[in-house]
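**Q** Sequence and predicted structure below; questions after.
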Amino acid sequence: MLDPRRIFIALPLAAEAADSLSRWIKEFAKTSRLPLRLVDREGLHLTLIPPWYAETKEIEKIKKLMDEAAAEVKPFSIILEQVAYGPDARYPRLIWATGPHSAPAEELRSALQTKLRGSRIDIKDTEKRKLLTHITLARFSPESAAGLIKEPIQNGKIEVSGLISGISLMESVLSPSGARYETIHFAKFEQSA
């Protein structure tokens with residue numbers, strides 16, 4: 001590859017839901033002793049297809065496939081109910097908001113994987129596990145948090161729901177201070193009910 005970019009496909013949150021989660025994590029960070037790297041409001045998303053590397057010419061093909069897939073989907077909501085340490089509570093490295101399984105998101109992920117594979121886009125392995133509804137709010141180094149995490153997050157219950165109106169092709173730009181996310185393309189869902 002001449003110009004590989006680290007990309008992934010995500011469900012961006014509606015503004016109200018993103019604002020709510022952003023406020024929650026900022027308040028938590030004020031009282032936490034954890035060395036948190038907060039995900040900025042614009043970076044809050046639910047990952048459908050995890051990162052892989054693609055060339056710029058391949059990205060144009062991916063955009064078209066995303067537009068095709070989005071045209072077949074109606075907007076749907078996701079619900080977030082809990083904030084916890086993740087992805088493994090015994091050895092955490094992030095704080096995330098989780099919610100019940102979303103069948104529409106799962107179906108969309110499957111359709112996207114099929115379209116991408118059918119067009120010979122190499123997205124690594126097709127994900128077969130059930131899609132976990134989760135949004136990463138903050139990250140931390142497990143080593144730097146040793147001894148600071150003793151029990152579940154106090155008041156970890158939240159009530160956030162948001163309408164998902166499309167899918168985003170995102171680029172993950174890695175740096176020593178953490179990943180920064182940029183939207184490359186947004187494919188809007190069909191709007192009729």
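**A** Ah, there it is.
**Q** Burial check on L131, number of neighbours?
**A** Residues lying near L131 (other Cβ atoms under 10 Å) number 18. Placement of C-beta: from N, CA and C, glycine included.
**Q** If you drop the residues flanking it in sequence, what lies closest to the residue nearest the centre of the chain?
**A** Nearest residue to the geometric centre of the chain (Cα atoms, centre = their mean): L46, 2.7 Å. With Cβ to Cβ, 6 or more residues apart in numbering as the criterion, L46 has its nearest non-adjacent residue at 4.3 Å, and that residue is L11.
**Q** chain center to stretch 31-44: distance?
**A** Taking Cα atoms, centre = their mean, to the nearest Å, one finds the center of stretch 31-44 at 15 Å from the center of the full chain.
**Q** any residues touching that stretch, and which ones?
**A** For stretch 31-44, the surrounding residues in contact (Cβ atoms under 8 Å, 6 or more residues apart in numbering) are 12-13, 18-19, 21-22, 25-26, 29, 95, 135-141, 144-145, 148-149, 177-178, 180-181.
**Q** switch the cut-off to 6 Å
**A** Here stretch 31-44 makes contact (Cβ atoms under 6 Å, 6 or more residues apart in numbering) with 13, 18, 21-22, 25, 29, 135-140, 144-145, 148, 178, 181.
**Q** tell me the mean pLDDT over the helix or strand containing A17?
**A** A17 is part of helix 15-31 when elements are defined by DSSP states H and E. Helix 15-31 shows a mean pLDDT of 93.
**Q** Could you measure from S22 over to R41?
**A** Distance of S22 to R41, given as Cβ to Cβ, to the nearest Å: 4 Å.
**Q** Between those two, point out the one with more neighbours.
**A** Taking other Cβ under 10 Å, S22 and R41 do not tie; S22 has more neighbours (19 against 15).
**Q** ok, that one - contacts?
**A** R41.
**Q** rerun at 10 Å
**A** L13, L38, V39, D40, R41, E42, G43, L44, L137 (Cβ atoms under 10 Å, 6 or more residues apart in numbering).
**Q** try L174
**A** L174 neighbours (Cβ under 10 Å, 6+ apart): R6, P51, R180.
**Q** in the sheet, who's paired with S168?
**A** A10, F186 (DSSP bridges).
**Q** I figured it was touching I62, is that so?
**A** No. Contact criterion Cβ atoms under 10 Å: S168 and I62 do not qualify, at 11.6 Å.
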